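Q: Here is my input, please return the structure:
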Amino acid sequence: MRDTVYFLAFDGYADWHAAQALCEIRRPGEWRLQTVGFSLQPVLSMGGLRVLPELTLDEMELDRAALLIVPGGYAWERGQGAEAVEATRRIYTAGAPVAAVDSGVLVLARAGLLDACRHTGSWPGHIGTHVPAYSGAEQYDAGVLAVSDGGVITASQVGSVEFAREVIRTLDLYSPSDREHWFRLFKHALPPPWCAGDLATAAAVAA
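A: Have a look, this model is predicted:
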């Protein structure tokens, strides 16, 4: 039963990259969300949030994994985190999708998951600069902020809303129309049609 979403937290991880995605994962109450780390020691995010991982990468249950999320952070550009590369490959091979934002895509590239699927990142050339073995440049799509292909979700550092939309779609949260309304609301501040009357009434009262 694939009911668990794993989120990798480490010192210096970019806490805003997956924030909206994590909120939407927890909202229905149907998914178990667990924070994993390189160890069980507390980590400090880029924004100064102290997080205590619930389990280590080695303790993830492959048969329960529904998704692994890897946020960005300077650690990946420094070549750190070989354990994350192996864990990502393990999760993907076991049949679960994996997702990464910004420099987190370097983990997926080192795992060899970006060579044969459409993907994106923060800017062209970023992946190849840090991952010499990367051979998926022809699959890189610079025209989108987030994309999902073949069980691999990738996103730009400025594509957190688009990233959340791909996660929502991958986990089949909400109906297709509700997903579109969600995106229009958080990306363009356009409320769903059924809220328009309430907003108009509130504006009239305020005036």
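Q: before we move on, what SS does Glu24 have?
A: helix (DSSP: H, G, I helix; E, B strand; the rest coil).
Q: what about it, how many neighbours?
A: Residues lying near Glu24 (other Cβ atoms under 10 Å) number 20. Every residue, glycine included, has its C-beta placed from N, CA and C.
Q: Repeat that for Trp182.
A: 19.
Q: same check, this time on the one 5 residues further on
A: Using other Cβ under 10 Å, Lys187 is surrounded by 13 other residues.
Q: for Asp58, same thing?
A: What Asp58 shows, counting by other Cβ under 10 Å, is a neighbour count of 11.
Q: Give the full set of residues in contact with it.
A: Asp58 makes contact with Glu83, Ala87, according to Cβ atoms under 8 Å, 6 or more residues apart in numbering.
Q: Mind doing that once more with 10 Å?
A: Contacts for Asp58 (Cβ atoms under 10 Å, 6 or more residues apart in numbering) come out as Val36, Phe38, Glu83, Glu86, Ala87, Arg90.
Q: Give me the spatial nearest neighbour of the first one, chain neighbours excluded.
A: Among residues not flanking Val36 along the chain, Tyr6 sits closest, at 5.1 Å (Cβ to Cβ, 6 or more residues apart in numbering).
Q: burial of the one you found, as a residue count?
A: 26.
Q: one step back: looking at the contacts of Asp58, which one is closest to Ser135?
A: Glu86 (19.4 Å; Cβ to Cβ).
Q: For the residue nearest to Val36, which three-state class applies?
A: strand.
Q: Quick check, pLDDT for it.
A: We have a pLDDT of 98 for Tyr6.
Q: if we can go back for a sec, adding pLDDT, neighbour count and secondary structure, write the contacts of Asp58 out as JSON lines.
A: Converted to JSON lines, the contacts of Asp58 look like this (pLDDT from 0 to 100; neighbours: other Cβ atoms under 10 Å; DSSP: H, G, I helix; E, B strand; the rest coil):
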{"residue": "Val36", "pLDDT": "98", "neighbour count": "22", "secondary structure": "strand"}
{"residue": "Phe38", "pLDDT": "98", "neighbour count": "20", "secondary structure": "coil"}
{"residue": "Glu83", "pLDDT": "97", "neighbour count": "14", "secondary structure": "helix"}
{"residue": "Glu86", "pLDDT": "98", "neighbour count": "15", "secondary structure": "helix"}
{"residue": "Ala87", "pLDDT": "98", "neighbour count": "25", "secondary structure": "helix"}
{"residue": "Arg90", "pLDDT": "98", "neighbour count": "17", "secondary structure": "helix"}
